[in-house]
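> Below are the sequence and a predicted model for it; my questions follow.
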Amino acid sequence: MHKLILSTAALALVAGAATAADVVRMGTEGAYPPWNLIDDNGEVGGFERELGDELCKRAELTCEWVTNDWDSIIPNLVSGNYDTIIAGMSITDERDEVIDFTQPYTPPDPSIFVAMDADVDLTGGVVAAQTGTIQAAYVAESGATLVEFPVPEDTVAAVRNGEADAVLADNSFLEGVVAADSSLMIVGDPVALGGGVGMGLRESDTGLKAKFDAAIQSMKDDGSLNELIKKWEVSTLW
């Protein structure tokens, strides 16, 4: 899903590792359904809320949820505002230079284009994507004109109001958008991006990473992770 670069100054703010006795703060965006969202009660919900709660239970950790805007989600992890990122974040080499990742909890989710016209020009036109995502990086390198927005819903609005010819985002996000709006359609071919979605952690938190890696693996082994993926329709199965 995403692609952020941090400055040396931001890296200098790395906080100490979380210990087993601490409350582990789970950082998410809360704006990317079905991965993460804010429900009718004002609480974090979605696939990653259910997954994160189960991982914390299996790892015997006390966890609480924190929301943060996408464009500063990595810097605020590094500076210690929370202890993990669980926000539909694709594992990329660039991010891995700044933070660490658990093993992926979903395979790569294909990215798709959505537009209002089947004949839209995806390589020479204007394509919207969320700021700091792997989709934005792809569009920037494709020859199309990239327009970026901080919130996923704004990328779709740009297509509806004619500011962009198409939007590129995760299939699991845009499928729901298309299902709810008959004026929009999937166009072009799916694009394979990223190395799957994992939890982001500070590089110093090796013990916490090991706990979550083990919990993710246990859910893969007993089939419960595939059950959650099917329930929320976020990805292909393991």
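Perfect, I can see it now. Only a predicted model underlies this, so the values are computations on that prediction, with no experimental measurement involved.
> any low-confidence regions in the chain?
Applying pLDDT under 70 to the chain flags the ranges 1-21.
> Most distant residue from the centre of it?
If you look at how far each residue of the chain sits from its centre, by C-alpha atoms, centre = their mean, the farthest one is Asp119, at 29.1 Å.
> Could you report the separation of that residue from Met185?
11 Å (C-beta to C-beta, to the nearest Å). Any C-beta I mention is one placed from the backbone N, CA and C, and that applies to glycine too.
> Same question for Gly198.
From Gly198 to Met185 the distance is 31 Å (C-beta to C-beta).
> So between those two, which is more surrounded?
Gly198 (25 against 15; other C-beta atoms under 10 Å).
> Hmm, that one is touching Asp100, no?
No: in this structure, Gly198 is not within contact of Asp100 by C-beta atoms under 8 Å, at 9.3 Å.
> From the centroid of the chain, which residue is nearest?
Closest-to-mean residue, the chain, C-alpha atoms, centre = their mean: Gly88 / 2.0 Å.
> so that residue touches Asn36, yeah?
Yes: shown here, Gly88 and Asn36 form a contact pair, counting by C-beta under 8 Å, at 6.6 Å.
> Please enumerate the shared neighbours of those two.
Glu29, Glu48 (C-beta atoms under 8 Å, 6 or more residues apart in numbering).
> Please parse this structure into its domains.
Taking automatic domain parsing as the criterion, the chain consists of the domains 8-107+195-232, 111-191.
> For those domains, give me CSV that also has distance to Trp238.
Listed next are the domains of the chain as CSV, based on distance: least, C-beta to C-beta, whole Å:
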stretch, distance to Trp238
domain 8-107+195-232, 6
domain 111-191, 15
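> what about the nearest residue to the residue nearest to the centre of the chain once chain neighbours are set aside, how many residues close to it?
Nearest non-adjacent residue to Gly88, counting by C-beta to C-beta, 6 or more residues apart in numbering: Trp35, 3.9 Å away. The local packing of Trp35 (other C-beta under 10 Å) involves 29 other residues.
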